[in-house]
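Chemist: when you get a sec, could you give me coordinates for this:
(one chain, ligands or ions: 1)
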Amino acid sequence: MSHHRPGVSLLLTAALAVVTPSAQAAQSDVTPAELRAHSAEFRRDLIRVADGVWIAVGYAASNVILIQGKDGVIIVDTSPNPTQARTIRTVFATVAKGPVRAIFYTHSHPDHTGGASVFAGDDHPQIIAGFAGVRTPIGRPDQDGADQFGMKVPDALYINAGVQQEYGREVPPTDAGYLAPTRVVTTRETMTVAGVTLEVIPTPGEAGDSISIWLPEKRVIASGDDVLKTFPNIAPIRGAPMRPPGQWIASLDTILALDPAVLLPGHMRPITGAAEVHGVVAAYRDAIRSINDQTLSGMKRGERPDALVRTVKLTPALAANPWLRQYYGTVEWMVRGIYAAELGWFDGNATDVFPLSARARAADLLPMIGGKAGAIAAGEAALRDGKYRWAAELADLVLVGDGTDVAAKSLKARALTELGKREGNAIARNWYLSVAAHLSKDDPRR
Ligand SMILES: [Zn+2]
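Modeler: Okay, here's the model as predicted:
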């Protein structure tokens, strides 16, 4: 049977050349040039979308909406902080008449709730939301210097934060302007505020406490962060629970059934025209449903996360849809998030019933590859070969035992910088470059 060997080894060589995972430089399918072009979504604009309805885009990390009523105004979302809220209030002063009667929060995220006191002024408006108080997330301490918003990324490498130009780079995060809701809405409800009849509709999606504000006469909907011009961030990597795809899909169906003529998102520019709104929202729903269904099917076949992320994909048409480019969320993180949420942390490999710690693995592996010096030398070679993730892993073999090793920190910082420079997904890019900046701080070689 020796005559089969050359063919087999040729095949093996070809397969290795194609699929060696560590040779893949970047993870997402968005280029930095594409992310840079995406910054146009954040340009400052006060847009009148219907009679008496304006949206302020790009003045802050999130949009603020003004609805003019008969005897005052309604504000929907408030920007992240009083500083940026004051700028928007000044812009609104050119069109608004009368006191602020109500402030709606579309959801509890701090980039939408932090400027309320500025809009409230001395008007004592109702504060209406789908939540009573903001749950303090468990979060993850800043131990690795990581940050999806890239607050500490050097200007020369920073592009944007995916759904906003920046968050926390110009004004540090603060809850100084937050006002607690005075009225909580958890079921669909029609109300009249400032002489405006509107409907409040719970639409859990990017946040579990999301509500949409629907103006039936104008067919305008403010839908918070449930539809943004990016693939949705279903499974955030910043240390927050997965946003359940099923309820997000149901909320998008609810929005579609209203047949809105204008959709006002929490970030970036509005969508106008019933056909346009329908096209975007339906594609968004189809993308979430497709990835969810493919992941669940693969799980039922026994596929583990590493296999699932290779096979679960958007259709070419959805992947190319400008509203589904992976500037912010990614398909891969959604797949991993669904797996962990549905099947737990364990992937079924018996080796990992009680996983060997990274530190124990490194202690046994390092002597096999020439100790610290061997790992660093191999890492430097990997860096030269463009195997940046492998270079970072080799640095980690040293750092897990000695977090102060200067050569390993330098190697990892340069590997992450190369990954970040090539990455067009804002969260991944900012994460890589934030940790690289953190590692480089006390590095005498940089
Ligand atoms: Zn937001």
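Chemist: as a whole number, average confidence for the longest helix anywhere in the chain?
Modeler: Determined from DSSP state H, the single longest helix within the chain is helix 274-300. Across helix 274-300, the average pLDDT comes to 98.
Chemist: for it, buried residues please.
Modeler: By 16 or more other Cβ atoms under 10 Å, the buried positions in helix 274-300 come out as 277-278, 280-281, 283-292, 294-295, 298-299. For glycine as for every other residue, the C-beta is placed from the backbone atoms N, C-alpha and C.
Chemist: helix/strand/coil for Ala307?
Modeler: Under DSSP: H, G, I helix; E, B strand; the rest coil, the three-state class of Ala307 is helix.
Chemist: below-threshold pLDDT in the chain: ranges please.
Modeler: Scanning the chain for pLDDT under 70 picks out 1-26, 135-137, 442-446.
Chemist: rerun that using 90 as the cut-off
Modeler: Across the chain, the ranges flagged by pLDDT under 90 are 1-29, 133-147, 238-241, 440-446.
Chemist: next, the buried residues of stretch 405-417.
Modeler: Neighbour counts over stretch 405-417 (16+ other Cβ under 10 Å) mark Asp405, Ala407, Ala408, Lys409, Ser410, Leu411, Lys412, Ala413, Arg414, Ala415, Leu416, Thr417 as buried.
Chemist: which residue packs closest to the second one, ignoring adjacent ones?
Modeler: Read that as Ala407. Excluding the flanking residues, the one nearest Ala407 by Cβ to Cβ, 6 or more residues apart in numbering is Ile376, at 4.9 Å.
Chemist: how about the fourth one?
Modeler: If the residues on either side of it in the chain are set aside, Lys409 comes closest to Leu439, at 4.8 Å by Cβ to Cβ, 6+ apart.
Chemist: contacting residues around the one you found?
Modeler: By Cβ atoms under 8 Å, 6 or more residues apart in numbering, the contact set of Leu439 is Gly145, Lys409, Ser410, Lys412, Ala413, Leu416.
Chemist: could you dump these into CSV and include distance to the ion and secondary structure?
Modeler: CSV is the format used below for the contacts of Leu439 (distance: Cβ to the ion, whole Å; DSSP: H, G, I helix; E, B strand; the rest coil):
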residue, distance to the ion, secondary structure
Gly145, 23, coil
Lys409, 34, helix
Ser410, 36, helix
Lys412, 31, helix
Ala413, 30, helix
Leu416, 26, helix
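Chemist: in TSV: those, plus distance to Leu198.
Modeler: Formatted as TSV, these follow (distance: Cβ to Cβ, whole Å):
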residue	distance to Leu198
Gly145	44
Lys409	55
Ser410	57
Lys412	52
Ala413	51
Leu416	47
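Chemist: which one of those is nearest to Pro181?
Modeler: Gly145 (34.4 Å; Cβ to Cβ).
Chemist: in this structure Val400 contacts Ala358, no?
Modeler: Yes. Between Val400 and Ala358 a contact is recorded at 4.8 Å, counting by Cβ atoms under 8 Å.
Chemist: can you list the residues of the stretch 201-350 of the chain near the ion?
Modeler: Proximity of the stretch 201-350 of the chain to the ion, by Cβ under 5 Å from the ion, involves residues Asp225, Gly266.
Chemist: can you give me the helices in the stretch 201-350 of the chain?
Modeler: In the stretch 201-350 of the chain, the helices defined using DSSP state H, counting those that start in this stretch lie at 245-258, 274-300, 305-311, 316-320, 331-343.
Chemist: ok, back up a step: pick out whichever of Val400 and Ala358 has more residues nearby.
Modeler: Ranked by neighbour count (other Cβ atoms under 10 Å), Val400 and Ala358 place Val400 first, with 17 against 13.
Chemist: list the contacts of that one.
Modeler: Applying Cβ under 8 Å, 6+ apart, we find Val400 in contact with Ala358, Arg359, Ala362.
Chemist: for Leu343, what are its contacts?
Modeler: Met299 are the contacts of Leu343 under Cβ under 8 Å, 6+ apart.
Chemist: just Glu217 next, same as before
Modeler: Applying Cβ under 8 Å, 6+ apart, one finds that Glu217 lies in contact with Thr197.
Chemist: quick one, what contacts Trp214?
Modeler: Leu198, Glu199, Val200, Ile201, Val220, Ile221, Leu258, Pro260.
Chemist: neighbour count added to these, as a markdown table?
Modeler: Below are those laid out as a markdown table (neighbours: other Cβ atoms under 10 Å):
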| residue | neighbour count |
| --- | --- |
| Leu198 | 25 |
| Glu199 | 16 |
| Val200 | 22 |
| Ile201 | 22 |
| Val220 | 25 |
| Ile221 | 29 |
| Leu258 | 18 |
| Pro260 | 26 |
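Chemist: narrow the residues you listed to those in strands?
Modeler: Within the contacts of Trp214, residues falling in strands by DSSP state E are Leu198, Glu199, Val200, Ile201, Val220, Ile221.
Chemist: any idea how far the third one is from Ile338?
Modeler: Taking Cβ to Cβ, to the nearest Å as the criterion, Val200 is separated from Ile338 by 30 Å.
Chemist: so what would you say the end-to-end distance of stretch 363-382 is?
Modeler: In stretch 363-382, first residue to last residue: 21 Å (Cα to Cα, to the nearest Å).
Chemist: what helix or strand does the residue nearest to Gly370 when sequence neighbours are not counted sit in?
Modeler: The shortest distance from Gly370 to any non-neighbouring residue, by Cβ to Cβ, 6+ apart, is to Ala377 (7.1 Å). Using DSSP states H and E, Ala377 sits within helix 371-384.
Chemist: circling back: what's the angle from the longest helix of the chain to helix 331-343?
Modeler: With axes from the mean of the first three to the mean of the last three Cα atoms, to 10 degrees applied, the angle from helix 274-300 to helix 331-343 works out at 50 degrees.
Chemist: by contact count, what packs against helix 274-300?
Modeler: Counting contacts by 3 or more Cβ pairs under 8 Å, 6 or more residues apart in numbering; DSSP states H and E, helix 274-300 packs against helix 245-258, strand 262-264, helix 305-311, helix 316-320, helix 331-343.
Chemist: now it, how far from the chain's geometric center?
Modeler: How far helix 274-300 lies from its chain's middle: 17 Å, per Cα atoms, centre = their mean, to the nearest Å.
Chemist: could you check the angle helix 245-258 makes with that helix?
Modeler: For helix 274-300 against helix 245-258, the angle between stretch directions is 160 degrees (the same axes, to 10 degrees).
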